[in-house]
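[1] Could you look at this predicted model? Sequence included:
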Amino acid sequence: MHLTLLFPFVPREGLDDDVVGRLQEFFAARAPFTLTLVEIGEFPGVVYAVPEPIAELRRWIAGLWQRFPDFPLYGGQFAEIVPHATLGTWDDPQRQEELVARARELTRGMFPLACGIQDVALLEEHAPDRWRELRRLPLGVS
């Protein structure tokens, strides 16, 4: 499961000390917090957990985009950004109903689910749909 704050982002070859420093500064100025997953949601091809505090997550996303204006979230494809913790994706639209129902079944009784967030991971897509962590950026260290 992951919650995207800004994608696409600076390509690996562009991740210099300046970019990393700006990220560290951004996250260091934000306090650790509790993220609570409250229910299942869906987009076409995606099932996700709805995170709270959603207003705070929207501010983080907007703040990151303000610092990195060349990288609008999801390439600017969507008018409204909906923070979400992706649980699964699929390509076959015929399976949407079945897979969302299965996700609801598997998570029945789990919500609300609280998670303490102390840091943020900077990830790299090193192969199609394959991600690895490049570094951890701690919250609240300023």
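    Arrived safely.

[2] List the strands paired with the longest strand anywhere in the chain, with their directions.
    Taking DSSP state E as the assignment, the strand of the chain that covers the most residues is strand 33-43. According to DSSP bridges, the neighbouring strands of strand 33-43, each with its direction, are strand 46-52 (antiparallel), strand 113-117 (antiparallel).

[3] Return the set of buried residues in that strand.
    Residues 35, 37, 40-42 are the ones in strand 33-43 that count as buried (16 or more other C-beta atoms under 10 Å). The way it works is simple: take the backbone N, C-alpha and C, and place the C-beta from them, glycine included.

[4] quick check: mean pLDDT across that strand?
    Confidence over strand 33-43 (mean pLDDT, whole number) is 95.

[5] show me where this protein has helices.
    With DSSP state H, the ranges of helices along the chain come out as 17-28, 54-67, 96-107.

[6] and residue 76, what pLDDT?
    Here, the pLDDT recorded for residue 76 equals 82.

[7] Tell me, how many residues neighbour the residue nearest to residue 91 when sequence neighbours are not counted?
    Nearest residue to residue 91, sequence neighbours excluded (C-beta to C-beta, 6 or more residues apart in numbering): residue 45, at 6.6 Å. Residue 45: 14 surrounding residues under other C-beta atoms under 10 Å.

[8] For the remainder of this discussion, apply numbering that starts at 22.
    All right, first residue 22 from here; so that's residue 66.

[9] For residue 66, list the residues it contacts.
    Under the criterion of C-beta atoms under 8 Å, 6 or more residues apart in numbering, the neighbours of residue 66 are 110-112, 114, 117.

[10] before we move on, what about residue 154?
    By C-beta under 8 Å, 6+ apart, the contact set of residue 154 is 142-145.

[11] Enumerate the beta-bridge partners assigned to it.
    Going by DSSP bridges, residue 154 forms beta bridges with residue 144.

[12] For residue 35, see how far away it is.
    Summarising the geometry, the distance separating residue 154 from residue 35, computed by C-beta to C-beta, to the nearest Å, is 18 Å.

[13] what residue of the protein is the furthest out?
    The C-alpha centroid of the chain is most remote from residue 115, which lies 25.9 Å away (C-alpha atoms, centre = their mean).
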